[in-house]
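Participant: could you look at this predicted model? Sequence included:
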Amino acid sequence: MNDLISILNTRKESLRLGGGIDKIKKHKAKGKLTAWERIEYLLDKDRDYLEVGIFAGDGMYEEEGGCPNGGVVVVIGYVKDRMCVIVSNDATVKAGAWFPISGKKNLRAQEIAMENHLPIIYLVDSAGVYLPMQDEIFPDKEHFGRIFRNNARMSSMGIPQISAIMGSCVAGGAYLPIMSDYAFIVQDSGSVFLAGPYLVKSSIGENVDAETLGGASTHSVISGVTDNRFPTDEACLDAVKDVMDKMGGFPRAGFNRKASHRPAVAPEKAAELLPQDRTSPYNMHAILETLVDEGSLEEYKAEYGKTLICATARIDGWAVGIVANQREIVKAKKPGGGSELQMGGVIYSDSADKAARFIMNCNQQRIPLVFLQDVTGFMVGSRSEQGGIIKDGAKMVNAMANSVVPKFTFILGNSYGAGNYAMCGKAYDPRLIYAWPSAQMAVMSGASAGKTLLQIREAALKSKGVHLSEEEKAALLSEIDRKYNEQLSPYYAAARLWVDGIIDPAETRKVISMGIEAADHAPLTERYNVGVIQT
């Protein structure tokens, strides 16, 4: 795990460079701060912040030269003691152009702001849609236009939006800052227009320079499109701070928090507790001792449904409900008497039933939920099917999917099949979802998938009269395993924003605490209703 954490930190440091050192030098030669420098100037010193989507685009768009960090930095942090979301275009990556993953990452940032009623700050420096891939970002429901729809929705929800135009702001992208509540602009470097000088020339034959067409003077003095202009990036960011400093309070959800206490075991020890062999059993209670405030854990139905741990606890003082996969092999009572061994990491009928009831309790009592995944799926076989595993699994999924309290998901190890769904995977709207470097996510494990896919490929070839030798089978299986294992990687998932990032296990407490603090800004207005659940 320590090796994996070291690799993680190295990759993060590399991504901080955006388009690379040469591009950064050219950017700064224009008198501009980098995307990260702008964020660091805004953020309160000595306060935690949380980056979202750092690996977005990782390993993607190789033919286009890559798009590190999705071309935009997103953080949840504090500006003038107020928690907010900051979105900062990285102009060192293709001039800040929007790749498909850039649009997805911006939408994720807006989703976090909307779900948690957090102010959002846009630091705009973008050349607009990356034209060679316009068909993958322009017309669909979750594409570029959705961002401006969200601008309007957030305005109607009373969520403050502040934009600082610190570079190019072109075409449809011009609507984002102007649909914000505040639109500031930097003199000489900031510009806003629906069509740039070249397009104006080709469209209507007018010769006009960028500053006259849509610079700071034009929009602050003549058009009134922007509110105020500032001589430098720093002065513009100071104005953003002033706005944040004067905001009044907003209603809260009222989640329970008391004084924070350290865990019984140091969070840094979590890395040592997860076995390298992902099939080996281990006791999830040991992991929990590194996460929860010492002495706060109260387990629910501890002797029933033992392959899932359900418990209330405190994390950094916040009351939480925890649903965690237990990887130890446990002994369970048979319905007709006696006992049987149950495999760790598998959800059985009794475990699913317990979790469904626990999730209902947490919703009734307004306790945020934390899911810790290391799951191979639901139990299979004739005995489980006849015992109604599908019905009990549906109860759990129903209770979790209809939950109105905020949910936070962490993938520690395996996250396979329907187990991913039942344990609040991405499709079930966790407020935040992060992976440990040891995570794997897929329909099934690599070993199972390799054998299954080989059988399918063999059958297809046999139907055409082709019979593989043992050597050919081994080579084919090796190629299937290589490709499938690449897709199992947490970096593959993070690149596509299936998770919000990959973290050192020691950061898990921080993510949960900041996530609940963010969620506390949004009062719960929905009534919990689990729908139809068969008993």
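Facilitator: Everything's here; your move.
Participant: contacts, neighbours, all on C-alpha from now
Facilitator: Noted.
Participant: could you export the host helix or strand of Y421 as CSV, CA atoms only?
Facilitator: Using DSSP states H and E, Y421 sits within helix 417-422. Written as CSV, here are the backbone C-alpha positions of helix 417-422 (Å, rounded to 0.1, in the frame of the first residue of the first chain):
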residue,chain,number,x,y,z
GLY,A,417,-21.1,-6.3,-10.0
ALA,A,418,-24.3,-5.6,-8.1
GLY,A,419,-22.2,-5.1,-4.9
ASN,A,420,-21.0,-1.8,-6.4
TYR,A,421,-24.7,-0.8,-6.8
ALA,A,422,-25.9,-1.9,-3.4
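Participant: and that helix, what does it pack against?
Facilitator: Packing partners of helix 417-422 (3 or more Cα pairs under 8 Å, 6 or more residues apart in numbering; DSSP states H and E): strand 369-375, strand 377-378, helix 389-401.
Participant: these: which one's closest to I512?
Facilitator: strand 369-375 (7.9 Å; Cα to Cα).
Participant: strand partners of the closest one, parallel vs antiparallel please.
Facilitator: strand 318-325 (parallel), strand 407-416 (parallel) (DSSP bridges).
Participant: for the strand or helix carrying E272, the distance to its chain's centre please.
Facilitator: Assigned by DSSP H and E, E272 falls within helix 270-273. Taking Cα atoms, centre = their mean, to the nearest Å, one finds the center of helix 270-273 at 23 Å from the center of the full chain.
Participant: so which bits of that helix are buried?
Facilitator: A270, A271 (16 or more other Cα atoms under 10 Å).
Participant: helix or strand next in line after that helix, which one?
Facilitator: helix 284-288.
Participant: tally of neighbours for G419?
Facilitator: 26 (other Cα atoms under 10 Å).
Participant: returning to what we had before: pick the most deeply packed of the helices and strands packed on helix 417-422.
Facilitator: strand 369-375 (a mean of 26; mean count of other Cα atoms under 10 Å).
Participant: what does it rub up against?
Facilitator: By Cα atoms under 8 Å, 6 or more residues apart in numbering, the residues outside strand 369-375 that reach it are 320-327, 345-347, 359, 362, 405-416, 419-420, 423-424, 512.
Participant: just list the residues touching P197, thanks.
Facilitator: Applying Cα under 8 Å, 6+ apart, the residues near P197 are N207, V208, D209, A210, L213.
Participant: just checking, the last one touches F193?
Facilitator: When you say that, I think you mean L213. Yes - using Cα atoms under 8 Å, L213 is in contact with F193, at 7.0 Å.
Participant: pLDDT weak spots in the stretch 201-350 of the chain?
Facilitator: 335-336 (pLDDT under 70).
Participant: one more time with 80
Facilitator: 278-279, 332-341, 343-344 (pLDDT under 80).
Participant: please enumerate the strands of the stretch 401-535 of the chain.
Facilitator: Listed in chain order, the strands of the stretch 401-535 of the chain (DSSP state E, counting those that start in this stretch) span 407-416, 432-435, 440-442.
Participant: neighbouring strands for the helix or strand harbouring C84, and are they parallel or not?
Facilitator: Taking DSSP H and E as the definition, C84 sits inside strand 82-89. Within its sheet, strand 82-89 is paired with strand 72-79 (antiparallel), strand 120-126 (parallel), according to DSSP bridges.
Participant: and the contacts of that strand?
Facilitator: So strand 82-89 is contacted by 35-36, 38-39, 71-78, 96, 106, 109, 112-113, 118-126, 244-245, 518 (Cα under 8 Å, 6+ apart).
Participant: can you check what angle separates the helix or strand following that strand from strand 82-89?
Facilitator: With elements assigned by DSSP H and E, the helix or strand that comes after strand 82-89 is helix 100-116. Relative orientation of helix 100-116 versus strand 82-89 (axes from the mean of the first three to the mean of the last three Cα atoms, to 10 degrees): 170 degrees.
Participant: in helix 100-116, which residues are buried?
Facilitator: In helix 100-116, counting by 16+ other Cα under 10 Å, buried: 100-114, 116.
Participant: now swap in stretch 78-92 and tell me
Facilitator: Applying 16+ other Cα under 10 Å to stretch 78-92 flags 78-80, 83-92 as buried.
Participant: doesn't C362 fall inside a helix?
Facilitator: Yes - judged by DSSP: H, G, I helix; E, B strand; the rest coil, C362 forms part of a helix.
Participant: any idea of the pLDDT on it?
Facilitator: Note on C362: pLDDT of 97.
Participant: so how far is Y528 from it?
Facilitator: According to Cα to Cα, to the nearest Å, C362 and Y528 sit 10 Å apart.
Participant: so these two - more neighbours on which side?
Facilitator: C362 (20 against 15).
Participant: who's in contact with the more buried one?
Facilitator: Contacts of C362 (Cα under 8 Å, 6+ apart): G321, P368, L369, V405.
Participant: closest one to F55 out of these, please.
Facilitator: Closest to F55 out of those is L369 (25.4 Å), distances taken as Cα to Cα.
Participant: for that closest one, give the beta-bridge partners.
Facilitator: Bridge pairing for L369 - DSSP bridges - gives G321, K407.
Participant: test for you: state the pLDDT assigned to it.
Facilitator: 98.
Participant: one more: the one 4 residues further on?
Facilitator: Reading off the per-residue confidence, Q373 sits at a pLDDT of 97.
Participant: excluding sequence neighbours, find me the nearest residue to it.
Facilitator: In space, Q373 comes closest to I411 once its chain neighbours are excluded; the distance is 4.7 Å by Cα to Cα, 6 or more residues apart in numbering.
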